[in-house]
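Trainee: got a predicted model here, sequence first, then my questions.
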Amino acid sequence: MHGVRRTWNQTIEQAQRYEQWSAEARQVLQQRYALSRECFLKRSEPVLLRNPEEYSLWNRRKACLVERYRLELATASENAGLSPPPALREQVEAEFRVTEAALRQNPKSYATWAHRLWLLRAVLPLSPDSTSTAVPGLGNCQWRPPWIVPLDLAQVYLAREEALCKQLLALDDRNFLGWRHLVEVLTLTKGIGLDLSSSSSSCGEGGAPVAGAAAGKRLLHITRTVLDQNSCNYTAYHYRSIAVKEAPQDFDWLEELDALHQVMYTEPNDQSVWFYYHWCMEQLQQHRQLDQASHTQNQAHDHRHYLEKELDLLDALLELEPTARWALEAKARHLMNLGQHKEAARILGEELPMVDPLRKGMYEELADACMRNSLA
Amino acid sequence: MTTEIVKKQPSREEASLDGEGVDVVINGSDLPQVICAASLAGLGYKVLLLEPSETYGGCTSGPLSAALLFGDLDSATDNKHLKGPVRVVANGGNRLTELRSQALANASAFVLELQPRFYFAADAFLDLLVGSGAASYLFFQPVDSLFWLQASSNTVADTVVIDVPCTKAAIARSHDLGLTEKRLLMRCLRSCFVLSSAATEYDPHSPAMDITDEERREMNRRWSAAGDSATLLQQLEEAFASAPSDQQWKRVAALVHDIYAWGIEDMPTAPATWRCSIDRLERFIQSVMRFHAATPFLCCKYGSNEIIQAFARRCAVKGGILAMDRSIMASAACDAEQGPDENGAGFVVETNHGERIFCRIGVISPQHDSNIHVDAKLVLRFAGLTSEALRLGEPGRTNRAATGHAFFIARFNEGALAAASSYSSATLYIWQISSAAGICMPGYYVVYAECDLQRLPRQQVANTESTASALHTFRGMVAHVLRCIAPAACEACDDDVAVLESVFAAYAFYEAPAPPSGFSVQTRDGSANVSVPYSYARMDRIPHAIRQILEHIVGDDQRAASSLDVFFGISPPPEGSS
């Protein structure tokens, strides 16, 4: 967890506990094909709850679950309606609970998050008219539940996922696995068709999520909440930039920049804000270049005007904090974009190495590149 | 049809304390006395607490129904329905009828407390509540908003109102501070925090982490060079001599000094030293971080009287006796022969019912400041009911829940109190407590205002006249603050009374007696006086003073000293204890 100091000295009890756990885990692993399905599920549960970082056990659980579902299907095929049988739903819930307990034990376990995502994807169809029957992660297992999950049930599942992610992110707002899961969940929401404004696109098989506009707005809202609590969170800014790309039309760039200015002045040493700030400026530049084509000549100088305003702001900040290196770097970058390469090179070559001598080499290189650009 | 419930009171003979032998007798049931009683009972002493009135609480005793406080002036002047010595000095409000019938209908559902307090979350007082076990009987809620007003003149436009941000994220989000002010504020807070005694480089959240050792040493050296008696403001001025804008800097410095370093209660003639201010600032920040709330304050649900009740319960649970309706007529030392057992001398305490109680070890009695002419305090209080929360700015701008509690602190500088220029700078405290705290009726907020109008020595006027002029000033101050906070409601009103009427459905001004300023502890070895300063939001001095009282009683007992450490929350309780 971020912000909690780790103790590197293991106590004797901790070492003994680990020995015990690894002996048990090894035993279960060796017997995983030999044990019956139910027995394995029962025996692997306490092992995984104590330490969920054992991929093979989770994978074997996946296979056991699939076998179980197949058996259920075979027995219940006569009265197979269009909704999953209740016994099956109970088993799915039980598995969700196991993963949740494992997450509380270790919120940053790749294996657990992956298992939970697999479970979600297995239970919910990828899109209303999905024809693919392969379950990702199990290779050749050609199996797909024949039922269509009713929308309210799907909504319950997905809302629960979102709530879980929010809870774990509240504990540690830089838990990137939680963020990743949240984005996947929002994709699935979109993919299932739960938001009415979505039009096309389904999730690629194991590829990057393509979030729809409503999911983008949701993500924007969530990141805004997290950033309001703690504005120095790189992960949140990263996902905010992804959300913005998906829902560009309702995004107010100027308001965003204003919020960033507040954070820059409150804490100029926090690097995450500056990275996001530069990204925002680049996006703005691209937007304005697109707009320029369709607008009159009067707005052609818009971006230069904004750059100059930003420069004024940075100058004011540097007056208050002459040693704020991120602000100096930002100023140099703006100057380069405005075409004042000599001034930018001077800042990079002279002022920045004085403020931040550890990165002298980098600044000198940047200054050289800047001068070359100006001559070219 | 109403049924009268007749309680069978124990007869005087059944409940008599005549001839009772105890270890310690405590007079009164204000907060310090009940804490002493709980502590001594926990140590194994036999404690008897005598309270002159019929309810706990002394000067804060209740319950008090809104219908009675906000009733007509005529029926309230005789005060016979008001428990405890509270005097309503002015009443008013024309929109009473509807409200009074509502209040009567809901009378059993809420209480009014006359001296609300907010408590710092990381304070000696909270440690005392936890260590003594009284906290298990209490509920606390965080205060949602903290506002600071600096009134330099009587015009609303010149009054600076700031929603005080208590965390870094809140500072970044704040709409009341400009960019430069945010930067200056962060620099101030960081310097102060780095210099505080508890800042270590091992805490990942501490700003001390991102500062080099030489920088910290240099800062220490520079600040110590000014001397120990320099104030925080002086140190900050030197440290930030190159601030660009004087106006902005002054505002930030005043904010840091008044609120973060809680200098608002210091007299201008006796300012706190910079080390003391830094300790207070650190306490402010620790209080915010302790429960991750928006402000450093907690407010006791169901009223601060509950705290007195909690300690009284602890005392009773450990075997103490609490007797109401008894005041001490006389207490005299007695020799070994007069006492009931052969353990030696003690005291004989006589109550107003003629009971004689023998006390082996000591008597603790309150002392009131009898000197009313020089440096006397005149504290006026105000209670008003409003159906809408007092809130600064539009509801959409701030992120706070609408049913919260809020604390407004207004500092009136010299010249701002045009009506009565004989009063020096005054600080007005306004608490807004929502019905969620169980204190007022559902759907309403109680707004309390309290101000200590220091009387200068040259004012030698009779009590009633000075009270009237003080009341006039106080009313003006409350009305001025309301105009700043709830401008929509008071646009067309120029008159103070009109402002109050337009915002509050019912209101009253009242004087409640001052709490005891000190205690005299009579033991067999002699008597001692301990002063217990009361202050509006600073309760941390009370545990220290109470510890002194207890040490007089307990003496040099080592075991008792370690138990007292546990009681005051200084050390954790030993394993396996209840």
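Mentor: Arrived safely.
Trainee: tell me which parts of chain A are close to chain B?
Mentor: Contact residues (Cβ under 8 Å from any Cβ of the partner chain) of chain A with chain B: A:3-5, A:228-231, A:259, A:261-263, A:265-269, A:313, A:316-317, A:319-321. Every residue, glycine included, has its C-beta placed from N, CA and C.
Trainee: quick check on the residues you listed: which are buried?
Mentor: A:229, A:231, A:259, A:261-263, A:265-268, A:313, A:317, A:320-321 (16 or more other Cβ atoms under 10 Å in any protein chain shown).
Trainee: could the residues you listed be laid out in a markdown table, adding secondary structure?
Mentor: Output for those, formatted as a markdown table (DSSP: H, G, I helix; E, B strand; the rest coil):
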| residue | secondary structure |
| --- | --- |
| A:Q229 | helix |
| A:S231 | coil |
| A:A259 | helix |
| A:H261 | helix |
| A:Q262 | helix |
| A:V263 | helix |
| A:Y265 | helix |
| A:T266 | helix |
| A:E267 | coil |
| A:P268 | coil |
| A:L313 | helix |
| A:L317 | helix |
| A:L320 | helix |
| A:E321 | coil |
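Trainee: where in the stretch 51-200 of chain B is pLDDT low?
Mentor: Counting by pLDDT under 70, the stretch 51-200 of chain B shows low-confidence ranges at B:61-101, B:103-104, B:107, B:153-154, B:197-200.
Trainee: now do the helices in it.
Mentor: Under the criterion DSSP state H, counting those that start in this stretch, the stretch 51-200 of chain B contains helices at B:66-69, B:73-77, B:96-105, B:124-132, B:168-173, B:179-195.
Trainee: kindly report the same for the stretch 351-500 of chain B.
Mentor: Under DSSP H, counting those that start in this stretch, the stretch 351-500 of chain B gives helices at B:463-485, B:496-503.
Trainee: only the buried residues of the last one, if you could.
Mentor: For helix B:496-503, a neighbour-count test (16+ other Cβ under 10 Å) marks B:D496, B:V499, B:L500, B:E501, B:S502, B:V503 as buried.
Trainee: what sits against B:L281?
Mentor: By Cβ atoms under 8 Å, 6 or more residues apart in numbering or on different chains, the contact list for B:L281 reads B:L189, B:C192, B:F193, B:S196, B:V256, B:Y260, B:A261, B:W262.
Trainee: whoops, I mixed them up, B:R411
Mentor: Residues near B:R411 by Cβ under 8 Å, 6+ apart: B:W148, B:L149, B:Q150, B:A151, B:D258, B:I264, B:S425, B:A426, B:T427, B:L428.
Trainee: can you redo those residues as JSON lines with neighbour count?
Mentor: Below are those laid out as JSON lines (neighbours: other Cβ atoms under 10 Å in any protein chain shown):
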{"residue": "B:W148", "neighbour count": "21"}
{"residue": "B:L149", "neighbour count": "20"}
{"residue": "B:Q150", "neighbour count": "20"}
{"residue": "B:A151", "neighbour count": "25"}
{"residue": "B:D258", "neighbour count": "19"}
{"residue": "B:I264", "neighbour count": "18"}
{"residue": "B:S425", "neighbour count": "15"}
{"residue": "B:A426", "neighbour count": "21"}
{"residue": "B:T427", "neighbour count": "17"}
{"residue": "B:L428", "neighbour count": "23"}
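Trainee: of these, which belong to strands?
Mentor: The strands, defined by DSSP state E, take in B:W148, B:L149, B:Q150, B:A151, B:A426, B:T427, B:L428 from the contacts of B:R411.
Trainee: how about these, which pair is most distant?
Mentor: Maximum pairwise distance among those (Cβ to Cβ): 14.8 Å, between B:W148 and B:A426.
Trainee: so what does the top strand by length along chain B touch, helix or strand wise?
Mentor: Longest strand in chain B by number of residues (criterion: DSSP E): strand B:356-367. Applying 3 or more Cβ pairs under 8 Å, 6 or more residues apart in numbering or on different chains; DSSP states H and E, we find strand B:356-367 packed against strand B:21-27, helix B:31-43, strand B:328-334, strand B:346-351, strand B:518-523, helix B:541-554.
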